[in-house]
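Asker: Give me a 3D structure for the following:
(2 chains)
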Amino acid sequence: MSSETYLEPADSRPSPADRLHIAGLDRSLPMDGAVLSVRDLNVRFNTENGLVHAVRGVDFDLMPGKTLGIVGESGSGKSVTSLAIMGLLPTTADVSGSVMLKGKELLGLNDKAMCAYRGNDIAMVFQDPLSSLTPVYTVGAQITEALTIHNPTMSKQAKEARAVELLSMVGIPSPKDRLRAFPHEFSGGMRQRVMIAIAIANNPRVLVADEPTTALDVTIQAQVLEVLHTAQEETGAAVVMITHDLGVVAGMADDIMVMYAGKPVETGGVDDIYYNPRMPYTMGLLGAVPRVDVAEKASLVPIEGIPPNLVRTPTGCSFAPRCPLVSEACLNGEPALAPVPGGALHRAACIKSASLGADVDVHEVFSAPPRPESRFDLIPREERRAVLQLKDVRKHFPLTKGALLKRRIGTVKAVDGLSFDIREGECFSIVGESGSGKTTTLLEIMEFHSDQDGEVVIGGISNKDAADAKTKSAMRKELQMVFQDPTGALDPRFTVYEVLAEPLQNAGLAKPAIRKRIMELMELVGLQPDHVNRFPNQFSGGQRQRVGIARALAVNPRLVVLDEPVSALDVSVQAGVINLLDKLRAELGLSYLLVAHDLSVVRHISNRVAVMYLGKIVEIGEVDRVFDNPRHPYTRALLSAIPVPDPHLERTRERIILQGDLPSPLEAPKGCNFATRCPVFAALPAAKKEQCLTLEPPLEYDPPSAAAQALEAGPVPAPDQQFACFFPDGELDEDMLVVHETADHDAP
Amino acid sequence: MLKYLAKRGITYVFMIFLTTSAGYFLAVTSLKPALLEQERIPRPTPEQVANSMRLKGLDPGLSPWERYVDWLTGIVTRWDWGRSPNGAYINAEFGDRVWISTRLFLGAIILTLVIGVALGVYSAARQYKYQDRIITSYSYLAYIVPAPIAYFLVQLGAINVNETVGERIFFVTGISTPGMEPGWPQFVDMLAHYAVPTIAITLVGWGSYQIAQRQYLLDNVNADFVRTARAKGLTRNQAITRHALRVSFIPVAQSIAFTIPAIFAGGFFAEKIFAWPGVGSWSIDAISLQDVNAATATLAYGSVIFALGAILADFATTLVDPRVRVQ
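Answerer: Next up is the predicted model:
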């Protein structure tokens, strides 16, 4: 373990000259004092299709205790960069350039020599916590192993004490007992904490985190980011944070490097990148992400096309084929990173960066479509017909024990008394953590069987009358579904024509009519009609999802169920699909039932939203009302957990960090389900706690206050927002609130 | 764990009972020892045959159900599995033959496992290098060559060695030479008899373990948790031996437990070719000699061994995989 510490006081920012170095402007020499310096890193893989040049010249300097965010879409080379630094690429990869750790060259070291650094001076946290721990060893053994490798003389007791210390540092309760637990006894978030504990075991100088929260729920993501923050403070390590999510790094990073097609295309301080992007790709990325904190609904910025294939090295700017500002000059040679006028440490690889100031509207540059208007938008909600109604729908799974004679030992209430309706032309979303019952709700709607507990009415057809196949097929014409994974949802041996023809044949259409309808559909979803004879694998992910949408629309349904429709897509592609969904809803008067974990997407696309927790709706209402003025503590926590791509806001805002994971639905308490994790409950005096523990709060409207009545002058209609909490807007428990910085350093 | 094993044990006892009973009914309705008896010269009268059968408890006049009840009562009350048409007692013969089979296969099974798994690990660590290619090609060859042919080839090889040296080093058939004096000469004689069948069975057997172990290990060599182990500071080989190996052994451990009974019960080729009269050859002989009780006994033995294998598989899996440990 190194005895030196590189911890700097938090408020001492480097001088401008140093910042110049950080930004990598001085490319000849590694920065003095930089803990990690990467120069001209290149990685090439020999594949069946030829030599893939996955990373093409990455330079950066990482100062002690600082955080560098590497942002990019899949295939941009960000993960390969991190693995190259760690020396974990397969031996077939050709790595060149220089990686200096504390002044020592790491590239070219053999596996054994590299082992002296890995896990000691430089450590890594990986993306998928579920598969990153060895299933057959205890958590304790895996942590102690990291200690043993680099401290062979450490005593057994000392190692165990250190392991306990590490586990409590990453926030695992009763760490001593948990040392003996196996990874499968931990949830995903807990396993990621263990991964962090392993990574910081030897007080590394550099911590590389490769998408550390991508596989986790938002509330858990907030917890893990908090743990990373603590880990960085405790060890004083510099962090390289790799992510595709511009929100995640906004609050953490000091510097940002945006990568595209294996090359950094823009680097600079975090504020430069977010508030003054100078490369069209960065501008597009920022415009493509919906914001959870903004009510105004402009269309998202779609970036057309897909990233280039790196088998062929681009001759011009690698972004040129997708860039709306492309001109002849862009195709002549790849632009190098050059300083942006006005910002000395801000560099962009674009020949037009000088003209792309802060006053350029990204929506104009990318010609984002106007926000579509639906004919239903003008009709009040109450006057529109309901296309879907759920009345007290329940799905309870019996939990049994015993092999031959099954005994019922409990009930899992996956969905517990759900009622809501969806009107024509509206988008209704269900949000909640995994395990909250969102998917079960969709399955219950799709099931549509008269034996179900509760009533489902689709387009006027009730499941209670759905005895025969005819009623069911009538229902299927009203309701269609779009699935999460477009690759898995399309039969790889069907051409797009066959995929789209199947529902139409089922509906009994004649051949010429089918052909005509398919051409219409292709055009509708923005695909070229002459591509109908292609197979799904000849399309990109975004195009495949468009095929999935076209298939759902084939029979002219009125309600489309969207199960995480964009979560498998990259940010730039996602924007295009969201815009398409918006357009279709307006043009065809569709209604959507959307299930998504990304609340920013939910806010952007929906009219109404329901927040689910352990099978129950805890808050429901008009989307802007719920998002701007959340009343239920869970909604407040959920919303506060979402990182916003705005560095100032991220650094200063107060966040609610929920403790622990979603409890098992089996242990559903008698009173309010959320009491065990509730930040309001924790702050309540004991007398009031009683109510939460014994009574189940009903889902009710909030009576408008006298003040509000006076303000509106006249009778106020009850706002479209219901919640299930006895103490809305209650005081929050101090322990669950976190603010990273109180004062802002430099305003934009 | 004990409670769990006891529960599984009871289930298997019940299943063994069912298979054995079904087997007995099948044997008693299709095997007619009396017919074989009548082909003897001088031909006995049907009355004589029936009489001799009745004395051995194989009365052809009784209905299958009556004979089943008699047979079952004998086992439950006296642990008497009946007699063969030639008058031999099943119990006595059974003990001898199980002992012979065990001696023939036990060493070979252990060698097969150890060599197979070790070569699997060795070849996986050297994927696509010439060592891996040679070993894996050999394993596939052992897979496709019928076992009897491979046994004959080993026998031929042993005879060749004997001829080249000009002295009898290996016995290619038989269990032991009668009348050897105890001590060193007897031990050498035993080795000379064991060598050929053990080598032959091992050479044919290890292929499947080598292929399975290599495959499962390769599935895990690039697993995320191996990468984590390397990120901690283990070299690639250390990470593989400490982390990937144990995970990859889980499915192999399960298959081992199930292959042992298959070798035991299905080893009649080896027993015939090397002239070791064990359980496997007995079961074939029993059918050709229309021996109802012997056929049923070998079937019962097979079921017991399979049940043991299944329990062993459970046990092995729980031992190496904490995820299936019952609370």
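Asker: what's around residue 38, how many residues?
Answerer: Using chain A here. 25 (other Cβ atoms under 10 Å in any protein chain shown). C-beta coordinates here come from the backbone N, C-alpha and C atoms, glycine included.
Asker: right idea, wrong chain: chain B
Answerer: 14.
Asker: Could you do A:Val258 as well?
Answerer: Residues lying near A:Val258 (other Cβ under 10 Å) number 26.
Asker: neighbours around A:Ala683, how many?
Answerer: 18.
Asker: how close does the residue of chain B found nearest chain A sit to A:Met195?
Answerer: Residue of chain B nearest chain A, by Cβ to the nearest Cβ: B:Gly233 (3.5 Å). Remark: distance between B:Gly233 and A:Met195 (Cβ to Cβ, to the nearest Å) = 15 Å.
Asker: re the thing from before, the residue of chain B closest to chain A contacts A:Gly119, correct?
Answerer: Yes - assessed by Cβ atoms under 8 Å, B:Gly233 is found in contact with A:Gly119 at 3.5 Å.
Asker: Common neighbours of these two, please.
Answerer: Common neighbours of B:Gly233 and A:Gly119, using Cβ atoms under 8 Å, 6 or more residues apart in numbering or on different chains, are A:Ala146, A:Ile149, A:His150.
Asker: residue contacts, the second one?
Answerer: To tie it back to what came earlier, the one meant is A:Ile149. A:Cys115, A:Gly119, A:Asn120, B:Lys232, B:Gly233, B:Leu234.
Asker: Out of those residues, which sit inside helices?
Answerer: Among the contacts of A:Ile149, the ones falling in helices (DSSP state H) are B:Lys232.
Asker: Between the contacts of A:Ile149, which sits nearest B:Val154?
Answerer: Nearest to B:Val154 among the contacts of A:Ile149: B:Leu234, at 42.0 Å, using Cβ to Cβ.
Asker: and the residue nearest to A:Ala507 when sequence neighbours are not counted, what element?
Answerer: Leaving out its chain neighbours, the residue that sits closest to A:Ala507 by Cβ to Cβ, 6 or more residues apart in numbering or on different chains is A:Val555, at 5.4 Å. Per DSSP states H and E: A:Val555 is located in neither a helix nor a strand.
Asker: How many neighbouring residues does B:Lys68 have?
Answerer: Check again: residue B:68 is Tyr, not Lys. Residues near B:Tyr68, counting by other Cβ under 10 Å: 16.
Asker: and the closest residue to it other than its chain neighbours, what element?
Answerer: Closest residue to B:Tyr68 apart from its sequence neighbours, by Cβ to Cβ, 6+ apart: B:Tyr24 at 5.8 Å. Assigned by DSSP H and E, B:Tyr24 belongs to helix B:2-30.
Asker: Can you give me the buried ones in that helix?
Answerer: By neighbour count with 16 or more other Cβ atoms under 10 Å in any protein chain shown, helix B:2-30 contains the buried residues B:Arg8, B:Tyr12, B:Ile16, B:Thr19, B:Thr20, B:Gly23, B:Tyr24, B:Ala27, B:Val28.
Asker: low pLDDT regions in the stretch 101-250 of chain B?
Answerer: Under the criterion pLDDT under 70, no range of the stretch 101-250 of chain B is flagged.
Asker: ok so, going back, what separates the next helix or strand after the helix holding B:Tyr24 from the chain centre, distance-wise?
Answerer: Going down the chain from helix B:2-30, the next helix or strand is helix B:33-37, by DSSP H and E. When C-alpha coordinates are averaged (Cα atoms, centre = their mean, to the nearest Å), helix B:33-37 and its chain have centres 31 Å apart.
Asker: cool, stretch A:568-583 as well?
Answerer: 14 Å.
Asker: Run a quick neighbour tally on the nearest residue to B:Gly82 once chain neighbours are set aside.
Answerer: Closest residue to B:Gly82 apart from its sequence neighbours, by Cβ to Cβ, 6+ apart: B:Asn293 at 3.6 Å. Around B:Asn293 there are 28 other residues, counting by other Cβ under 10 Å.
Asker: cool, A:Glu373 as well?
Answerer: 10.
Asker: what's near enough to touch it?
Answerer: Per Cβ under 8 Å, 6+ apart, neighbours of A:Glu373: A:Ala586.
Asker: quick one: it is in a helix?
Answerer: No - counting by DSSP: H, G, I helix; E, B strand; the rest coil, A:Glu373 falls outside a helix, being coil.
Asker: Which pLDDT value belongs to it?
Answerer: Listed pLDDT for A:Glu373 reads 81.
Asker: Let me know the secondary structure of A:Thr134.
Answerer: Applying three-state DSSP: A:Thr134 is coil.
Asker: meant to ask about A:Ser96, not that
Answerer: strand.
Asker: Just to check, it is in contact with A:Leu107?
Answerer: Yes - counting by Cβ under 8 Å, A:Ser96 does reach A:Leu107; the two are 7.5 Å apart.
Asker: Close to chain B: what parts of the stretch 101-250 of chain A are there?
Answerer: Residues of the stretch 101-250 of chain A lying near chain B by Cβ under 8 Å from any Cβ of the partner chain: A:111-112, A:115-120, A:123-124, A:126, A:128, A:131-138, A:145-146, A:149-150, A:182, A:184, A:195, A:198-199.
Asker: and the closest residue to B:Phe268 other than its chain neighbours, backbone torsions?
Answerer: Distances taken as Cβ to Cβ, 6+ apart put B:Gly280 closest to B:Phe268, at 3.4 Å, once the chain neighbours are dropped. Backbone torsions for B:Gly280, taken as degrees, to the nearest 10, come to phi -60, psi -50.
Asker: And for B:Gly280, the neighbour number?
Answerer: 26.
Asker: what do you get for A:Ala686?
Answerer: Around A:Ala686 there are 6 other residues, counting by other Cβ under 10 Å.
Asker: what about it, distance to A:Arg558?
Answerer: Taking Cβ to Cβ as the measure, A:Ala686 falls 51 Å from A:Arg558.
Asker: try A:Asp491
Answerer: Applying Cβ to Cβ, the value for A:Asp491 to A:Arg558 is 26 Å.
Asker: So those two - more neighbours on which side?
Answerer: Set A:Asp491 next to A:Arg558 and count neighbours by other Cβ under 10 Å: A:Arg558 wins out with 20 against 12.
Asker: My guess is the more buried one contacts A:Ser591. True?
Answerer: Yes - with contacts counted by Cβ under 8 Å, A:Arg558 reaches A:Ser591, the gap being 6.2 Å.
Asker: Quick check: buried residues in the helix or strand hosting A:Ser473?
Answerer: Element membership of A:Ser473, judged by DSSP H and E, is helix A:469-478. For helix A:469-478, burial by neighbour count (16+ other Cβ under 10 Å) applies to A:Thr471, A:Met475, A:Arg476, A:Lys477, A:Glu478.
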